Structure formats: C-alpha cells, structure tokens
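Enquirer: Below is the sequence, then the predicted model.
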Amino acid sequence: MLANRSTDFSTRLREVIEAIKLVYASTWFEGPRAFSKAVGQRRQDSMAVILQQVAGSQYQQYFYPAISGVALSYNYYPVPPMQSEDGIAHLALGFGKTVVEGKQSLRFSPAFPKHLPQFSTVDDMLANTQRNFYCMDMAAPASLHHETSNLILRTIDNADNEYPVRYLSSTYIPEEHRVRDGNFPGPKVISFAPILKYGSYPLPEILKQLLAQGREGMGCEVEIEFAVDIADASQSPVFYFLQLRPIVSDENNQEIHITRQEKEQAFLYATHALGHGYFRHIHDIIFVDPKRFDRTCTTEIAQEISLCNKKLHNHKRPYLLIGPGRWGTADRWLGIPVQWGDISGVAAIVEVQDGSIPAEASQGTHFFQNITSLGIPYMMTTTKNQHSLQSINWTWLLSLDTSFQGTYITHVTLPHPIHLKVDGTQAEAAAWYP
C-alpha cells in the first residue's frame, strides 16, 4: 500500500514501479504457489497487476477503513439457529490483514447478526474482542522492503478518540462487570453493536445479497472480501466490494463423503458434527472411562486431562478427546469444566450424551472462537442412533494398551493414525482405525 503523498511526481512513479515489481516477484512465494496448485493453475510467465484506490479515511497521521471483512457463502460451524447455507462473515476494525492472518475478529452469520456465540458472556467478550488493528502511517517514508510495508499495528486503546473506534465500540464497566453499548469511559470492546444489533447500517443484508448472487452466478460456494468506510457522523458509510472468488478447496475443505463401509468400520460415528475435513494425523486418544466416571468428580477429571494435554502439547501430538456431557461447562454437574488451556493441544472433540449426565448437546459453543479459528471438529454422539450404527465402540477403545491410566481417564497411543472424516454439509462424522 502506498501513501502516494510525495509532491514529487517522479518519486510517486518510482514507488508504483517498485510496488509492481514486488507484486510480480511475489508469484514465487510459497503462499501464492500453494494457491495456484490448489486451484489447478499451471505456472505462467505473465500476470496482470491491478492498481486500486485504498478504502478508508485519514485520522491525523493514520489511514484505515472502519471495517474490513471476509464473508463465505457456506458455514461449516453453524450454531443454532444458524444453518450452513446462511454463510459466515468475519469483521475487523482497520485493514483486513487482521482477518486474513486469523487474529481476533468478530464472526457472525449475515442471517442472524445478533447471534454471537463468541460474545455469549461478558468474560467471552473480554477474551475474544479485537485488541489491535492495522492502519497506514501516512507520515512514515515509503518502505516496500519488509512484509507489512508501511502498515503498522496499533492498539484499540491508542485510537479510542477516533470516530470508527468510538462508533463500533461498546464499553466494559468493571464496577458492574458488564458491557454497555456505546462510548463511555472505560476499556473498549469492538462489538460492531450499532450495525449488528441496532441496524444503523444494512451490512448483513448487503452481504446476504452478494453471497446469494455470487453463489448463483458462479455455480459454487463463494468467498468475498469487502471494506466499509465510516469516516464521521456527518457522512454516509461507503461499502467497497473488493473481491469475489470460489472458496478454494484444500485438505480440510475439500468435498468429503463418508461411505457406508467407513461408517460400519468406525469406532466413532456422530450425526451431529461441526467442522469439515479429512484428518489423518491423530495417533492419540484421551477418553473418560464410562465405567469409572463419577459426576461428583468432574473437576478432578478436568485436572487429569490437563496434565495429559500438557505432555502431548509439548510433544506436538494432537489427540482425540472423548467424554460425557458438555466440555468447558460452567456447571460442573453438566460436563467436564475444562478451560481452553486444559485441552489446547486437542485435534478433535467428542461430546458423549449417554444418559450419565442429563444435559443436551451444547453444539460446541463453549470454545467457539477456538474451534472455528483452528478448524477443530466438534462432534456430539448419543446412545440412540437413527442410522442403527454404533456411536462409540467402547469395547475396542477399552481393549487398547494404555499409555496412561488415571483415576478417571485413559490415554492410548496408536502405532498408526486414525482416520477421521467430518462432512460439514451433512453434519456427520466417522473415525476408524485402518
């Protein structure tokens, strides 16, 4: 990105030429080459370069759009009342580098803009709110020889007097431990409440229309990039439609089909699953032994899991986690009250509803931000299966040699990885040991 501020024309021209050369050179970077391979594009010697006006406004020496985002027409982690076909969007204050790099951003369905699982409690809002944002430093000399060029990362607190921050923020009131919509004295929470909660600008409707037209026009699921400039209260917001493209297929969002044979040989089969992909790198399984489970000792069970997780995470060994009731519940009588740090190395999570705990499936909302951003499958199984297939083969699991036997949990390590398929289009999953 170029500030294009020099009064000398030859300087501005030189900066543009240098930027174009760097864009050409970037075709040899690992990321673009992987993208070309994923879409089946052969390497070519020529490439078009587009010069675009940067969306945003200037605030003192800094330039940025109020909102940047990415929206997809299909959602592999729908939490009721969302449906997969409703799509999903990620919003961030400032430039879209925040979203692209997977930093803290707000995730919502355009069909249900007020339903924000990652903001379900005050503590969730404080943990998941955006704390930093990218903007251009217009006063700095142009420098195109490092990754971020003249983009800098600022804290939200550093910009709390600038209109986009004031407009898009709610405020945390420590004395009351609550978040109030509006700009008050106190720490800011980037909630986008005026737009998502009160409808001051029809961003959800715009995204719904663009995603529907993009899907129809391209005949496939699509992804769009966009920005919104909200300079001040006297000007109407401006929506910038930046890019439309098919959702790129890779290892974890390719077309998945679970065959009847795979279901029949599975030691785990779930008809309620969030996520999507084919996972073949899991050698370890941690499960709560149903014969030794005690509802009065769920806190102790969480501690045993935390110890196993720490060891496996340090050795970079992702694992399958299986247990009864709700994972991460605040009510220890409804499941295992783990925090995210207790299961940070997990590759996939299974919530067992077998009657031992009187709680309905939680749909994975406790770790929503983590499982979605990391692409972790979350599965729910019940003892009653409409497909007449075994939900969990406890006989097989309990027959395996153990790496660790706790009071309540069992850790097994397999010589070969299990195969786990999660079909997000059908919300089903199957895991088997070849």
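Expert: Received the coordinates, thanks. Numbers count the residues shown, from 1 in each chain.

Enquirer: so where do the helices sit in the stretch 251-400 of the chain?
Expert: With DSSP state H, counting those that start in this stretch as the definition, the stretch 251-400 of the chain shows helices at residue ranges 260-264, 298-314, 368-374, 394-399.

Enquirer: Throw the ones you listed into JSON lines and include mean pLDDT and distance to Ile190, thanks.
Expert: Any C-beta I mention is one placed from the backbone N, CA and C, and that applies to glycine too. Below are the helices of the stretch 251-400 of the chain laid out as JSON lines (pLDDT from 0 to 100; distance: least, C-beta to C-beta, whole Å):
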{"stretch": "helix 260-264", "mean pLDDT": "91", "distance to Ile190": "43"}
{"stretch": "helix 298-314", "mean pLDDT": "94", "distance to Ile190": "30"}
{"stretch": "helix 368-374", "mean pLDDT": "74", "distance to Ile190": "14"}
{"stretch": "helix 394-399", "mean pLDDT": "93", "distance to Ile190": "43"}
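
Enquirer: Any idea which of the ones you listed gets closest to Thr98?
Expert: helix 368-374 (12.3 Å; C-beta to C-beta).

Enquirer: Can you give the distance of that closest one from its chain's centre?
Expert: 5 Å (C-alpha atoms, centre = their mean, to the nearest Å).

Enquirer: Please name every helix or strand in contact with that helix.
Expert: helix 122-128 (3 or more C-beta pairs under 8 Å, 6 or more residues apart in numbering; DSSP states H and E).

Enquirer: So what's the gap between the helix it packs on and the chain middle?
Expert: 16 Å.

Enquirer: tell me which residues in it are buried?
Expert: 124-125, 128 (16 or more other C-beta atoms under 10 Å).

Enquirer: Tell me which other helices or strands the helix or strand just after it touches.
Expert: Using DSSP states H and E, the helix or strand that follows helix 122-128 towards the C-terminus is strand 132-137. With contacts taken as 3+ C-beta pairs under 8 Å, 6+ apart, strand 132-137 sits against strand 62-64, helix 97-100, strand 151-155.

Enquirer: what pairs with the first one, and is each one parallel or antiparallel?
Expert: Just to be clear, that refers to strand 62-64. Strands that pair with strand 62-64, judged by DSSP bridges, come out as strand 57-59 (antiparallel), strand 132-137 (antiparallel).

Enquirer: Gly69: which of the ones you listed is closest?
Expert: strand 132-137 (12.7 Å).

Enquirer: What strands line up against the strand ranked longest in the chain, and which way round?
Expert: When the chain is parsed with DSSP state E, its longest strand is strand 409-423. Applying DSSP bridges, strand 409-423 is found paired with strand 277-288 (antiparallel), strand 404-405 (antiparallel), strand 428-432 (antiparallel).

Enquirer: so how far is stretch 405-413 off the chain centroid?
Expert: That offset, for stretch 405-413, works out to 30 Å (C-alpha atoms, centre = their mean).

Enquirer: And stretch 227-242, by the same measure?
Expert: Distance, centroid of stretch 227-242 to centroid of chain: 25 Å (C-alpha atoms, centre = their mean).

Enquirer: next one: stretch 160-168
Expert: 25 Å.

Enquirer: contact partners of it?
Expert: 59-60, 62, 64, 66-67, 93, 156, 159, 169, 183, 188, 190-195, 230-233 (C-beta atoms under 8 Å, 6 or more residues apart in numbering).

Enquirer: what about that stretch, average pLDDT?
Expert: Summarised as a single mean, pLDDT over stretch 160-168 is 95.

Enquirer: which residues of the stretch 151-300 of the chain score low on pLDDT?
Expert: 248-254 (pLDDT under 70).

Enquirer: where along it do the strands fall?
Expert: In the stretch 151-300 of the chain, the strands defined using DSSP state E, counting those that start in this stretch lie at 151-155, 169-173, 178-181, 188-190, 222-229, 238-246, 268-270, 272-274, 277-288.

Enquirer: what's the spacing between the last one and its chain's center?
Expert: I take that to be strand 277-288. Using C-alpha atoms, centre = their mean, the offset of strand 277-288 from its chain centre is 20 Å.

Enquirer: Could you figure out how far it is turned away from helix 298-314?
Expert: When axes from the mean of the first three to the mean of the last three C-alpha atoms, to 10 degrees is applied, the directions of strand 277-288 and helix 298-314 differ by 130 degrees.

Enquirer: Please identify the buried residues of strand 277-288?
Expert: So, applying 16+ other C-beta under 10 Å, buried residues of strand 277-288: 277, 279, 282-288.

Enquirer: In PDB, list the C-alpha atoms belonging to it.
Expert: Provided in PDB are the C-alpha atoms of strand 277-288 (Å, rounded to 0.1, in the frame of the first residue of the first chain):
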ATOM      1  CA  GLY A 277     -12.300 -32.200   6.500                       C
ATOM      2  CA  TYR A 278     -10.300 -35.500   6.400                       C
ATOM      3  CA  PHE A 279      -7.900 -35.800   9.300                       C
ATOM      4  CA  ARG A 280      -5.200 -38.500   9.200                       C
ATOM      5  CA  HIS A 281      -2.600 -37.300  11.800                       C
ATOM      6  CA  ILE A 282      -4.100 -38.300  15.100                       C
ATOM      7  CA  HIS A 283      -2.200 -41.100  17.000                       C
ATOM      8  CA  ASP A 284      -3.500 -40.400  20.500                       C
ATOM      9  CA  ILE A 285      -6.900 -40.700  22.100                       C
ATOM     10  CA  ILE A 286      -7.900 -39.400  25.600                       C
ATOM     11  CA  PHE A 287     -11.200 -40.600  26.900                       C
ATOM     12  CA  VAL A 288     -13.200 -40.500  30.100                       C
END
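
Enquirer: Out of the strands of the stretch 151-300 of the chain, which gets nearest to Val49?
Expert: Checked against C-beta to C-beta, the stretch from those lying closest is strand 238-246, at 14.7 Å.

Enquirer: Against which helices or strands is the closest one packed?
Expert: Right, strand 238-246 is packed against helix 203-218, strand 222-229 by 3+ C-beta pairs under 8 Å, 6+ apart.

Enquirer: change it to 10 Å
Expert: strand 67-72, helix 203-218, strand 222-229 (3 or more C-beta pairs under 10 Å, 6 or more residues apart in numbering; DSSP states H and E).

Enquirer: what's the angle between that strand and strand 67-72?
Expert: Using the same axes, to 10 degrees, strand 238-246 lies at 30 degrees relative to strand 67-72.
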